[in-house]
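Peer 1: Build me a structure from this.
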Amino acid sequence: MSDKSVLEKIRNIGYIAHIDAGKTTVTERTLFFAGRIYKIGNVDEGTTVTDYMAQERERGITIKAAATAAEWRGYTINIIDTPGHVDFTAEVERSLRVLDGGVVVFDAEAGVQPQSETVWRQADRYNVPRICFVNKMDRIGASLQRTLDSIVHRLGANPVAIQIPVGQEDKFRGIIDLIDEKAYIYPTSTAESPVEGPVPPEFQEEFKKYRAKMVEKIAETDDLLMVKYLEEKEIAKEELRAALRKATIGYRLVPVVCGSALRHRGVQPLLDAIVHYLPSPLDKPPIKAKAPGTGAEVIRTADVASPFAALVFKVIGDPYIGRLAFFRVYSGTVKTGAMVLNATTGKRERLGRIVKMHAQHREEVAQVEAGDIAAAVGLKNATTGDTICDENDPVVLESIKFPEPVVSLAVEPKSRADQDKLADSLNKLSDEDPTLKVAFDSEVGQTIISGMGELHLEIIIDRMKREHKVEANVGRPKVAYREAIRAPAKGEGRLVRQTGGHGQYGHAVIEIEPLPRGEGFVFEDKVKGGAIPRQFINPVKEGVKEALATGPVGGYPVMDVKVTLVDGSYHDVDSSEMAFKVAGSMAMKDAMARAKGVLLEPIMQLELITPGEFLGDVLGDLGRRRAQIKNIEGQGETQVVRAMVPLGESFGYAGTIRSLSQGRAAYSMEFAQFEEAPASVLAQR
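Peer 2: Here you go, the predicted model:
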């Protein structure tokens with residue numbers, strides 16, 4: 001068998017959807033029918049293959065994207081089951097970056113849900129062809145047509161139903177294949193093969209209507225078929241399939257199939273659709289890379305004979321074999337034990353062992369080739385987004401961009417023993433998760449962790465306790481306030497200390513004035529006539545800076561102030577650098593007490609994208625948070641709001657905006673400036 005024919009029979013796909021649409025159940029049934037597993041797990045019982053973390057089994061949700069593989073009709077299907085919760089959107093992001101196709105799972109009752117929109121936009125961004133599986137057709141309120149309408153209306157897509165259900169809700173008992181013109185009836189809810197037969201008479205009319213619509217849509221994408229269609233000639237099944245495959249890979253059509261994964265209905269036809277319509281690595285355009293150093297564009301094709309190039313898209317800590325780096329091979333071949341170049345960092349590394357993953361189970365392999373997804377043991381320094389390649393022919397593949405964190409928590413160790421372990425555990429967790437940011441704020445003495453949402457950080461804290469045995473106290477982060485002065489003032493500091501032997505003498509007179517916001521600290525020496533010797537000027541400046549660390553209003557650092565040293569005096573014997581440093585500090589405190597100090601609060605720049613129907617509620621909430629609305633722009637049904645919000649009022653915003661917009665709004669926040677805080681904020685300090 002040639003290399004090309006091997007690649008043609010590979011499908012790298014991911015299941016993506018809103019939380020609770022049934023992705024993990026679909027994955028489980030896929031593995032069962034493909035003969036990969038022999039016992040079917042259940043999400044509610046915590047026994048599924050791909051939800052193997054303790055936190056996933058307890059909550060009944062997917063947290064980490066899990067990789068597995070199955071064989072179906074001679075094809076290898078590499079599957080990634082991704083999370084549906086918005087807090088774990090980065091897992092979807094990195095999976096889509098390396099996948100060739102996607103299966104978007106919809107709940108037949110709910111249709112397009114908020115997170116369905118998010119994952120659909122992500123798939124658009126990475127140009128991932130997809131098919132839709134309308135799941136839960138046996139639920140009350142299930143409707144294939146309503147789901148198709150919402151895909152058009154909410155996602156702006158062009159869906160084409162290639163199956164229709166035999167009955168709906170509790171009467172759902174099978175599917176009708178519109179291309180094969182056959183019905184597949186499931187006599188029971190157990191994992192049995194369906195009974196194949198003709199279209200039932202009572203569904204003939206519906207079948208004809210949907211089939212005519214399907215043929216028309218497929219014919220519109222192909223000139224030769226369009227001619228046949230207009231001449232009312234019969235179009236063969238093979239022609240329809242070939243045209244639909246081409247249109248799917250070209251992002252012109254999205255095939256839609258249906259079923260009920262929990263009741264084992266429609267899973268085998270879904271596997272057929274994956275094989276028929278989703279691309280192989282050969283169907284995707286050659287990957288564009290850059291030559292390290294020069295930045296010149298290099299093209300790499302999915303070919304075993306090309307030089308090796310792969311992208312690391314995920315890193316996890318495995319308790320048994322250590323650090324596992326998942327990678328997708330875009331070109332060439334690599335063997336176990338090979339030396340490779342990390343083109344992103346410029347360092348050479350050894351691929352210790354190569355394993356194919358089946359959720360948390362591993363199968364060792366001797367080599368991997370273009371189109372494969374595998375994991376490596378031994379890549380000590382490779383992180384998410386790095387390129388590993390042939391050291392004689394280096395290239396850098398486009399990295400993966402992740403959204404910025406939006407929610408922060410302060411964590412502190414419960415005991416001294418936990419102190420060192422805390423930093424170590426957070427380093428390991430942030431290595432796995434690019435959306436987890438860890439920072440130590442020396443100003444307030446807190447370790448701050450930032451993530452995609454409250455659930456995301458809750459899982460991180462839970463993993464710290466279970467996997468790394470670190471106990472920590474968790475709280476809301478403190479706000480780093482500042483102070484400034486409103487008026488010019490004069491201050492004097494005099495240190496006179498007489499002890500046995502040498503005394504201490506320092507005397508400084510300063511003038512202070514406010515500076516425009518963001519100008520920082522300016523020190524000017526205007527001492528005349530040698531009132532203070534040169535060697536004592538710098539100590540006065542050091543003392544002044546020390547005093548600026550604790551302002552008179554709330555004890556916060558003082559910013560944007562100009563200090564002018566105008567006068568002072570010294571003693572030939574008793575003056576010292578330390579004495580003048582203390583005098584400078586005393587003078588600064590004296591001046592600040594008269595300078596009408598004010599409290600400044602950090603202001604964040606907010607950009608929020610929301611469907612227009614929620615704009616009123618969103619603006620009302622921003623008003624309660626003392627936000628200043630800068631502008632509102634409309635883009636179709638979407639509204640973009642730009643505003644300035646005090647950081648102290650932004651805590652918990654992720655949860656609020658999610659509930660106000662049914663999870664459909666997205667926002668980003670970054671620090672803009674410090675502004676004077678109202679008296680009410682000072683009263684709460």
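
Peer 1: Tell me where the stretch 251-400 of the chain has strands.
Peer 2: Using DSSP state E, counting those that start in this stretch, the strands of the stretch 251-400 of the chain run over 254-258, 287-290, 297-300, 309-318, 322-331, 333-335, 339-342, 347-350, 353-358, 361-365, 367-369, 373-377, 387-389, 396-397.

Peer 1: immediately after the helix or strand of the chain with the lowest mean pLDDT, which helix or strand?
Peer 2: One helix or strand of the chain scores below all others by mean pLDDT, DSSP states H and E: helix 54-59, with a mean of 52. On the C-terminal side of helix 54-59, the nearest following helix or strand under DSSP states H and E is strand 66-72.

Peer 1: what's the following helix or strand past that next one packed up against?
Peer 2: Using DSSP H and E, the helix or strand that follows strand 66-72 in sequence is strand 75-81. Here strand 75-81 touches strand 10-17, helix 23-33, strand 66-72, helix 267-277, going by 3 or more Cβ pairs under 8 Å, 6 or more residues apart in numbering; DSSP states H and E. Placement of C-beta: from N, CA and C, glycine included.

Peer 1: relative to strand 353-358, how tilted is the second one?
Peer 2: Orientation check (axes from the mean of the first three to the mean of the last three Cα atoms, to 10 degrees): helix 23-33 against strand 353-358 gives 100 degrees.

Peer 1: What is helix 23-33 packed up against?
Peer 2: Applying 3+ Cβ pairs under 8 Å, 6+ apart, we find helix 23-33 packed against strand 10-17, strand 66-72, strand 75-81, strand 101-107, strand 130-135, helix 267-277.

Peer 1: quick one: which of those is nearest Gln145?
Peer 2: strand 130-135 (10.0 Å; Cβ to Cβ).

Peer 1: How much space separates Asn12 from Thr383?
Peer 2: Distance of Asn12 to Thr383, given as Cβ to Cβ, to the nearest Å: 22 Å.

Peer 1: Would you mind telling me which of those two has the busier surroundings?
Peer 2: Asn12 (26 against 18; other Cβ atoms under 10 Å).

Peer 1: before we move on, back to that, so can I have TSV of the strands of the stretch 251-400 of the chain showing distance to Val640 and mean neighbour count?
Peer 2: As requested, the strands of the stretch 251-400 of the chain are exported to TSV (distance: least, Cβ to Cβ, whole Å; neighbours: other Cβ atoms under 10 Å):
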stretch	distance to Val640	mean neighbour count
strand 254-258	27	25
strand 287-290	30	18
strand 297-300	33	16
strand 309-318	30	23
strand 322-331	34	23
strand 333-335	45	18
strand 339-342	39	20
strand 347-350	42	14
strand 353-358	40	20
strand 361-365	46	13
strand 367-369	44	20
strand 373-377	37	24
strand 387-389	34	27
strand 396-397	32	24
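
Peer 1: So which of these is nearest Gly493?
Peer 2: strand 347-350 (54.4 Å).

Peer 1: residues making contact with the closest one?
Peer 2: Here strand 347-350 makes contact (Cβ atoms under 8 Å, 6 or more residues apart in numbering) with 337-342, 378-382, 388, 391.

Peer 1: Tell me the strands beside it, with direction?
Peer 2: According to DSSP bridges, strand 347-350 has the following sheet partners: strand 339-342 (antiparallel).

Peer 1: Centre of the chain to the strand it pairs with, how far?
Peer 2: 27 Å (Cα atoms, centre = their mean, to the nearest Å).

Peer 1: Then stretch 376-383?
Peer 2: 21 Å.

Peer 1: Mind checking the pLDDT average for it?
Peer 2: Taken as a whole, stretch 376-383 has a mean pLDDT of 84.

Peer 1: Including distance to Pro557, could the helices and strands packed on strand 75-81 go into TSV?
Peer 2: Listed next are the helices and strands packed on strand 75-81 as TSV, based on distance: least, Cβ to Cβ, whole Å:
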stretch	distance to Pro557
strand 10-17	46
helix 23-33	49
strand 66-72	47
helix 267-277	59
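
Peer 1: Could you say which one of these comes nearest to Leu351?
Peer 2: strand 66-72 (17.4 Å).

Peer 1: in that closest one, what counts as buried?
Peer 2: Buried residues in strand 66-72, counting neighbours by 16 or more other Cβ atoms under 10 Å, are found at 66-70, 72.

Peer 1: tell me which strands and helices it is in contact with?
Peer 2: helix 23-33, strand 75-81, helix 267-277, strand 353-358.

Peer 1: And the next helix or strand past the top strand by length along the chain?
Peer 2: Taking DSSP state E as the assignment, the strand of the chain that covers the most residues is strand 597-611. Using DSSP H and E, the helix or strand that directly follows strand 597-611 along the chain is helix 615-624.

Peer 1: Can you give the distance from that following helix to the centre of its chain?
Peer 2: 26 Å.

Peer 1: Would you map the helices across the stretch 101-250 of the chain?
Peer 2: In the stretch 101-250 of the chain, the segments counted as helices under DSSP state H, counting those that start in this stretch are 114-125, 144-155, 204-219, 223-230, 237-249.

Peer 1: What residues sit buried inside the longest one?
Peer 2: Buried positions in helix 204-219, judged by neighbour count with 16+ other Cβ under 10 Å: 207, 210-211, 214-215, 217-219.

Peer 1: what is the mean pLDDT for the longest strand of the chain?
Peer 2: 86.

Peer 1: Repeat that for stretch 260-270.
Peer 2: 90.

Peer 1: from the chain's centre, how far out does it sit?
Peer 2: The answer for stretch 260-270 is 30 Å, by Cα atoms, centre = their mean.

Peer 1: So what touches it?
Peer 2: Under Cβ under 8 Å, 6+ apart, the answer for stretch 260-270 is 22, 25-26, 28-30, 33, 103, 133, 135-138, 163, 172-175, 177, 184, 186, 189-194, 257-259.
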